[in-house]
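Undergrad: Next come a sequence and a model predicted from it.
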Amino acid sequence: MSEPARPAGRNALELVYDRLRKQGWYDSPDYWNMKARSYTGLARSFWPSNRYNAETQRLHLETIQRLLGDLRGQRVLDLGCGTGRISIELAARGAVVSGWDFADSALEAARRDAAGRGVSPEFRRVDVRAGLPEMQGFDVVITVSCLVLACRDGEELERVARSIRRVCREGARVLLLEPIHESRLLRRILKLSEPEFIGCLERAGFALEGRGALSFVPARYLLAFRDAPEALVRSVFWSGEWLLDRYTELGVLGDYKWHLYRTAGNPARS
């Protein structure tokens, strides 16, 4: 197996500083443009260790396959697509993909990577907080760590969710892979419990069909910031996922939560 692309070096103090000023930084195009320019490989979207990132990418793609099945020929919106890591893979599997993001440098990287894979998702600059384009008919919408960065509170989440509802066809499925947390340690921008998060989506016109946890937090703290031997990374990473699958009470230790929704009639009135 080939070596992962090594990220450019940003030191630990810079990473801590990013975390401390996350609101106004993680939710800005400047941060994601910086990531796209300063890192290589999956570190443009994830953590400094591309060995850890490779397993996370595999986990996300396997989760999408397990929950959504064969997407060939379906219109898929990858909302908050970043450098296109999900869009490109789904396009390679035959989906008709649109990838929307608000960071120009990330979108440029996505277009380059897509051309290198011989696929052509439609990448477009869109800021989800400003409302989505007046398009309809998506069969599937996927977000990965988009809503918890874009939305500052439940009211904003519900407004964004209503915007997503408007671009979906009737019966469309929406798969959210989002770090939903209340704790200061694990949350990104949005501070909501899972029940509160689900309530916002239900009021926006979605019905929850299933949920679970991904990305075992102790494994992330051990592996995500520096490349360890590949065999160790794989063993520890997938042992953590086994624990989350086997013991649902450990869901609080899942960094990401997966929620699968389906459109359900008209949104409730505010």
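TA: Thanks, I have the structure now. Residues are numbered from 1 along each chain as shown.

Undergrad: who touches Asp70 in this structure?
TA: Applying CB atoms under 8 Å, 6 or more residues apart in numbering, we find Asp70 in contact with Arg93. Using the backbone N, CA and C atoms, a C-beta is placed for each residue, glycine as well.

Undergrad: pretty sure it is in a helix, no?
TA: No: under DSSP: H, G, I helix; E, B strand; the rest coil, Asp70 falls outside any helix and is assigned coil.

Undergrad: Lys257 versus that one, what's the distance?
TA: 24 Å (CB to CB, to the nearest Å).

Undergrad: now Gly210
TA: Gly210 is 11 Å from Lys257, by CB to CB.

Undergrad: The two: which is more packed in?
TA: Lys257 (21 against 10; other CB atoms under 10 Å).

Undergrad: which residues does the more buried one form a beta bridge with?
TA: Beta bridges link Lys257 to Glu178, Ala213, judged by DSSP bridges.

Undergrad: swap in the one 4 residues further on?
TA: The residues listed as beta-bridge partners of Tyr261 by DSSP bridges are Val174, Leu208.

Undergrad: Number the chain from 244, please
TA: Yes, from this point I'll number from 244; that puts the last item at Tyr504.

Undergrad: For the closest residue in space to Ile423 that isn't next to it in sequence, give me its contacts.
TA: Nearest residue to Ile423, sequence neighbours excluded (CB to CB, 6 or more residues apart in numbering): Lys500, at 4.6 Å. Residues near Lys500 by CB under 8 Å, 6+ apart: Leu419, Leu420, Glu421, Pro422, Ile423, Glu437, Arg454, Gly455, Ala456, Leu457, Gly494.

Undergrad: Give me the buried entries from those.
TA: Neighbour counting by 16 or more other CB atoms under 10 Å classes Leu419, Leu420, Glu421, Pro422, Ile423, Glu437, Arg454, Gly455, Ala456, Leu457 among the contacts of Lys500 as buried.

Undergrad: Next, count neighbours for the nearest residue to the last one once chain neighbours are set aside.
TA: What that stands for is Leu457. Using CB to CB, 6+ apart and skipping residues adjacent in sequence, the residue nearest Leu457 is Tyr499, 4.3 Å away. For Tyr499, the neighbour count with other CB under 10 Å is 25.

Undergrad: correct me, but Tyr499 touches Leu418?
TA: No: look at Tyr499 against Leu418 with CB atoms under 8 Å: they stay out of range, at 11.6 Å.

Undergrad: mind checking how far the residue nearest the centre of the chain is from Leu304?
TA: Taking CA atoms, centre = their mean, the centroid of the chain lies closest to Val387, which sits 1.1 Å from it. Distance from Val387 to Leu304, counting by CB to CB: 11 Å.

Undergrad: ditto for Ser478
TA: Ser478 is 20 Å from Leu304, by CB to CB.

Undergrad: of the two, who's got more company?
TA: Leu304 (15 against 12).

Undergrad: Can you classify the nearest residue to that one once chain neighbours are set aside by secondary structure?
TA: Using CB to CB, 6+ apart and skipping residues adjacent in sequence, the residue nearest Leu304 is Glu332, 5.8 Å away. Here Glu332 is recorded as helix under three-state DSSP.

Undergrad: If we go by neighbour counts, what in the helix or strand harbouring Arg477 is buried?
TA: For Arg477, the element it lies in under DSSP states H and E is helix 473-489. With burial defined by 16+ other CB under 10 Å, the residues of helix 473-489 counted as buried are Val476, Arg477, Val479, Phe480, Gly483, Glu484, Leu486, Leu487.

Undergrad: Which single one of those residues is nearest to Arg280?
TA: Of all the buried residues of helix 473-489, Arg280 sits closest to Val476, with 25.8 Å by CB to CB.

Undergrad: any idea how far Glu473 is from Glu492?
TA: 31 Å.

Undergrad: swap in Val371?
TA: Separation of Val371 from Glu473 (CB to CB) stands at 35 Å.

Undergrad: And Leu322, by the same measure?
TA: 32 Å.
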